[in-house]
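> Sharing a sequence plus its predicted fold:
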Amino acid sequence: MSIPWIIKYRPKRIEEVVGNEESKKKFIEWLESWVKGKPTYKATLLYGPAGVGKTSLVEAAARTYGYDLVELNASDQRGESIIKRIVGVAASQGTLMGSMSRRIILLDEVDGMSEEDKGGVKAIVEVLEKTRQPIVLTANDAWDPKLAPLRSVCLMLEFKRLKQWEVVKKLREICLREGIEVDKEALEFIAKRSEGDLRSAINDLQTVSQGRRRITIDDVKWLPYRNRIEPIFDVLSMIFNAKTVATARRALSLIDVDPDMMFEWIYENTPSQLTDPRDLAIAMENLAKADLFRSRVKLLQRWELLSFVTELMTGGVAVAKEATKSKWTPFHFPERIKFLSSIKSEREVMNSIASKIASRCLTSRRTALSDIIPYILFILRSNPDYGVKLLKSYDLTSSEIEFLLGKAGVASIEAPRKRSRST
């Protein structure tokens, strides 16, 4: 089970792509217009939330129609010169060897280009005007103002969140192929929790299936619900303005953010939100206690203590606010996270790990970073011995394994020492 299920069960044929039948039909009609040599549009823009099959459809269509797929993440490779050089060459008729080749160029996450990426959108438009190959763009938010030039030259196809029964059907198929018995209620719970995101539903299914040949509703009830609407600033505002511990703690459940990350956000913004010295002292004392419990959770693997962490860092801060006058104060990104993110060596280690995993799983480094490594970290936290064996199967070095153990908050696992002979 070294291959994540989101890769193992990735659609190979168009009919295996779940949901959004009308958009799929229009996409195939558009692609067939290219096959006939009379394209209705030079490009199409597939837009919608994550996990609804946008990229999977392009990959399956390329395989079905015999196209080579050239994939580029626009949020990573996003400068004008880079897009013109890579996409422009790929969109020409011939290959580097001079032969004729049919390609689909996939530009993923075009809405990930920031305002600082000067000329990126303009370069894409210029490539679309000259392309002799079909180009597919994907975005979560197609109505971002900076994408206006693309909307006017692309076939716009919306991909909506999958229906619950569609997710349940796919999960049941996976269970049958894995030889796992599963209760209907358990599948419905996972599907409802995913909110139409098939990728997260499959990840959850694989998570709860660890060490089980049967899954019941009791096995999945611990999975928390995700809310994709409340941004982190809104959650922070709810915490700092809550009147009770229960309200502050409930705010944390509205967003799918790692508790350690949320702690850093609260810690960073508490001094600016609680301006009364006494209020601030009480809040910082509660955060110090939360941090103490955090260290115990990681050091001793005492996960039952996590509830104290969340209560102290949310309710403990909220109820400390008594004399502070309410006024609007902007929130700031945690400086400690900025510092850690700037450490080049850490990024290099993570990229090296992702490259090795991607090579073994036959996927991209980006997918390894976003989809596979978070799942591996979960395995390390729940079953460190099995997690280390899994990492060794990817040919990771000892230092790389230690790095991931640290990321997961797991103490180093040392090999048992040989007994010395008595003299």
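Sure, I can see it.
> So, low pLDDT: which residues of the protein?
Low-confidence segments of the chain, defined by pLDDT under 70: 1-2, 73-101, 114-119, 222-231, 253-257, 337-345, 411-423.
> Just want the most central residue of it.
With distances taken as CA atoms, centre = their mean, S370 lies nearest the centre of the chain, 4.7 Å away.
> any idea how far that one lies from L198?
15 Å (CB to CB, to the nearest Å). For every residue, glycine as well, the C-beta is placed using N, CA and C.
> the strands in the chain, which residues?
Secondary structure of the chain, counting by DSSP state E: strands at 43-47, 68-73, 103-108, 135-139, 154-158, 181-182, 214-215.
> As a markdown table, these with mean neighbour count and distance to S398 would be great.
Listed next are these as a markdown table, based on neighbours: other CB atoms under 10 Å; distance: least, CB to CB, whole Å:
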| stretch | mean neighbour count | distance to S398 |
| --- | --- | --- |
| strand 43-47 | 24 | 42 |
| strand 68-73 | 17 | 31 |
| strand 103-108 | 23 | 34 |
| strand 135-139 | 25 | 38 |
| strand 154-158 | 19 | 47 |
| strand 181-182 | 18 | 38 |
| strand 214-215 | 16 | 35 |
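> can those go into JSON lines with extra columns for distance to L280?
JSON lines is the format used below for those (distance: least, CB to CB, whole Å):
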{"stretch": "strand 43-47", "distance to L280": "44"}
{"stretch": "strand 68-73", "distance to L280": "43"}
{"stretch": "strand 103-108", "distance to L280": "44"}
{"stretch": "strand 135-139", "distance to L280": "42"}
{"stretch": "strand 154-158", "distance to L280": "47"}
{"stretch": "strand 181-182", "distance to L280": "50"}
{"stretch": "strand 214-215", "distance to L280": "47"}
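> So which of those is nearest A358?
strand 68-73 (12.8 Å; CB to CB).
> Sheet partners, orientation included, of that closest one?
With DSSP bridges as the test, strand 68-73 is paired with strand 103-108 (parallel).
> Could you check how far the strand it pairs with is from the centre of its chain?
Distance of strand 103-108 from its chain centroid, counting by CA atoms, centre = their mean, to the nearest Å, is 21 Å.
> Quick one: work out the angle between it and strand 43-47.
Computed by axes from the mean of the first three to the mean of the last three CA atoms, to 10 degrees, the angle separating strand 103-108 from strand 43-47 equals 40 degrees.
> quick one on the thing from earlier: tell me which of the strands of the chain lies nearest to K298.
K298 lies closest, by CB to CB, to one member of the strands of the chain: strand 214-215, at 28.5 Å.
> Please enumerate residues in contact with that closest one?
C175, I180, E181, V182, D183, A186, L205, V208, S209 (CB atoms under 8 Å, 6 or more residues apart in numbering).
> Restricted to helices, list these.
Applying DSSP state H to these, the entries found in helices are C175, A186, L205, V208.
> for the last one, what are its contacts?
When you say that, I think you mean V208. By CB under 8 Å, 6+ apart, the contact set of V208 is A186, I190, I215, D219, V220, L223.
> Considering the residues you listed, which is situated nearest to L46?
Minimum distance to L46 across these is 25.3 Å, recorded for I190 (CB to CB).
> ok, and the most crowded of the contacts of V208?
Ranked by the number of neighbours (other CB atoms under 10 Å), the contacts of V208 place I190 first, at 25 neighbours.
> hang on, that one packs against Q206?
No - contact criterion CB atoms under 8 Å: I190 and Q206 do not qualify, at 10.5 Å.
> care to break the chain down by domain?
As assigned by automatic domain parsing, the chain contains the domains 5-158, 164-220, 232-336, 344-408.
> From one end of the third one to the other, what's the distance?
In other words, domain 232-336. Here the two ends of domain 232-336 are set 17 Å apart, with distance taken as CA to CA, to the nearest Å.
> One more: the second one?
With CA to CA applied, domain 164-220 spans 16 Å between its terminal residues.
> repeat for the first one
Length of domain 5-158, first residue to last, CA to CA: 26 Å.
> i'd like the first residue to be 382 from this point on
From this message on, residue numbering opens at 382, which makes the last subject domain 386-539.
> now that domain: how far from the chain's centre is it?
Averaging C-alpha positions (CA atoms, centre = their mean) puts domain 386-539 20 Å from its chain's average.
> And the shortest one, by the same measure?
In this view, domain 545-601 has its centroid 19 Å away from the chain centroid, taken as CA atoms, centre = their mean.
> Could you single out the nearest of the contacts of strand 595-596 to R484?
Closest to R484 out of these is L586 (34.2 Å), distances taken as CB to CB.
> number of nearby residues for that closest one?
Considering only other CB under 10 Å, L586 is surrounded by 27 other residues.
> Tell me who's in contact with it.
L586 sits next to W386, L552, I555, C556, I571, I596 when contact means CB under 8 Å, 6+ apart.
> Same question for Y448.
By CB under 8 Å, 6+ apart, the residues touching Y448 are A442, R483, R484, I485, P515.
> One more: L758?
L758 neighbours (CB under 8 Å, 6+ apart): L785, K788, A789.
> do V433 as well
With CB under 8 Å, 6+ apart, V433 has these contacts: G400, N401, F540, K541, R542, L543, G577, D578, L579.
> Out of the residues you listed, which comes closest to E703?
E703 lies nearest to D578 out of the contacts of V433, by CB to CB, at 41.0 Å.
> what's around that closest one, how many residues?
Neighbour count for D578, taken as other CB under 10 Å: 21.
> Chain neighbours aside, what residue packs nearest to it?
Leaving aside its sequence neighbours, D578 sits nearest to G432 (CB to CB, 6 or more residues apart in numbering; 3.4 Å).
> you'd agree the one you found is up against L579?
Yes - judged on CB under 8 Å, G432 makes contact with L579 at a distance of 5.2 Å.
> For D585, see how far away the residue lying closest to E547 once chain neighbours are set aside is.
Leaving out its chain neighbours, the residue that sits closest to E547 by CB to CB, 6+ apart is G400, at 4.8 Å. For G400, the distance to D585 equals 18 Å [CB to CB].
> cool, F408 as well?
According to CB to CB, F408 and D585 sit 28 Å apart.
> now swap in K393 and tell me
23 Å.
> Neighbour count for those two, which is higher?
Higher neighbour count among K393 and D585: D585, with 20 against 13, using other CB under 10 Å.
> What is the burial count for the closest residue to D522 other than its chain neighbours?
Using CB to CB, 6+ apart and skipping residues adjacent in sequence, the residue nearest D522 is D492, 5.0 Å away. Per other CB under 10 Å, the neighbour tally for D492 reads 20.
> D492 contacts P526, correct?
No - counting by CB under 8 Å, D492 sits too far from P526 to count as a contact (10.5 Å).
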